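Asker: With the sequence up front, the predicted model follows.
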Amino acid sequence: MKKKLIKYLVIVSFVFLVAIILGIYLYNKPHENISNKSPDYVINALELYNEFETNEEAANQKYLDRILQVSGTITDITNENDQTFTFVLSDPGKFGGVSFSINKEALNGNSYDKGDLLSVKGKCTGMLMEVVLTNCSIID
Amino acid sequence: MKLKIVIIALISTLVTVSAQDKYLTKTGYIWFYSHTPMEDIKAHNKQVVSVLNLKTGEIAFTLLMKSFEFKKALMQEHFNENYVESDQFPKAKFKGTIQNIESIDLATNKNVDVKVSGELTIHGVTQKIETTGTLSKTNDGIKGTAKFIVKPADYDIEIPKVVQNNIAKEIEVNVDMLYKPLSN
């Protein structure tokens, strides 16, 4: 009788422990590492921008939260305190495009200028004045 | 001849003046802070787009909800999927005016207190809000800051009973923008 009760208690405690560990793991789970994942779409910056301009709702459905690999020409670079660099990729001379911000460390010592071709991978969060990507890494 | 020169001079002044009226940023910083005895939550959005017209006092903000970054991935998921439902309502906007813009003198390198009122739209719901803020002219551009309270309930944001004690009923929103002149 007693043996059965102990066995029962052990199993319940074990299940309880697993639940707690799972809870702690989920609570502390790290953000997804986008640089290691393969993109859902590989697309040109201006094309992506035009899709959003033509039908924002359809583009949102297609691209929001997806990992995109976007290539284009740098049409604008701004930096804040030399720490955060914001790039806009498009076709030369064209308005709009794709915008993303990146830390100085993520530049890996490279310096970029307007007119350079660049490929970047990141998560699409939607469109404001350009299509915005977050968690970006530059692909050489 | 003299009249022509005067007219040209006048037009060039007007052109210079109007070029200095509109300001823009695409890297504005807005973060919010929820404080409860159970938990403190902060989220940061550094890709806020905002336009400011110093002549008319018009000011507008727009941001993507999915651009808010939380320390905890699970919190960011809950925020997007369950609370603000960012797939259905990807953006938040504010459209308003700075009161008494004519009496504001930004020539000096000082903080000027301002009052802003307008309409804030979050989660598809629009509310009239009013807040104080500061504007100052710096070497890098026009700096604007503000702090105000947002109640999730006012925007139909439902917090499940399970986590009701983890999320404040009043969220403190902080705005920190650096505007550059909009070149036409």
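Answerer: Perfect, I can see it now.

Asker: What number of residues are in the vicinity of the closest residue to chain B within chain A?
Answerer: Residue of chain A nearest chain B, by C-beta to the nearest C-beta: A:Thr125 (3.7 Å). No exception for glycine: its C-beta is placed from N, CA and C like everyone else's. Residues near A:Thr125, counting by other C-beta atoms under 10 Å in any protein chain shown, number 28.

Asker: Make sure it is indeed in a strand.
Answerer: Yes - counting by DSSP: H, G, I helix; E, B strand; the rest coil, A:Thr125 falls inside a strand.

Asker: Not counting its neighbours along the chain, what's nearest it?
Answerer: The spatial neighbour of A:Thr125 that comes closest, neighbours along the chain excluded (C-beta to C-beta, 6 or more residues apart in numbering or on different chains), is B:Lys66 at 3.7 Å.

Asker: these two touch, right, A:Gly126 and A:Ser99?
Answerer: No - in this structure, A:Gly126 is not within contact of A:Ser99 by C-beta atoms under 8 Å, at 11.2 Å.

Asker: Could you name every residue contacting both of those two?
Answerer: Shared contacts of A:Gly126 and A:Ser99 (C-beta atoms under 8 Å, 6 or more residues apart in numbering or on different chains): A:Val132.

Asker: from memory the residue nearest to A:Thr125 sits against A:Asp65, does it?
Answerer: Yes - under the criterion of C-beta under 8 Å, B:Lys66 makes contact with A:Asp65 at 6.8 Å.

Asker: element containing A:Ala59?
Answerer: Applying DSSP states H and E as the criterion places A:Ala59 in helix A:56-63.

Asker: out of A:Gly126 and A:Ser99, which sits in the busier spot?
Answerer: A:Ser99 (26 against 23).

Asker: what's around the nearest residue to that one once chain neighbours are set aside, how many residues?
Answerer: Of all residues not flanking A:Ser99 in the chain, A:Glu130 sits nearest, at 4.0 Å (C-beta to C-beta, 6+ apart). Applying other C-beta under 10 Å, we find 24 residues neighbouring A:Glu130.

Asker: any residues in contact with both of B:Lys66 and A:Asp65?
Answerer: By C-beta under 8 Å, 6+ apart, the residues touching both B:Lys66 and A:Asp65 are A:Lys123, A:Thr125.
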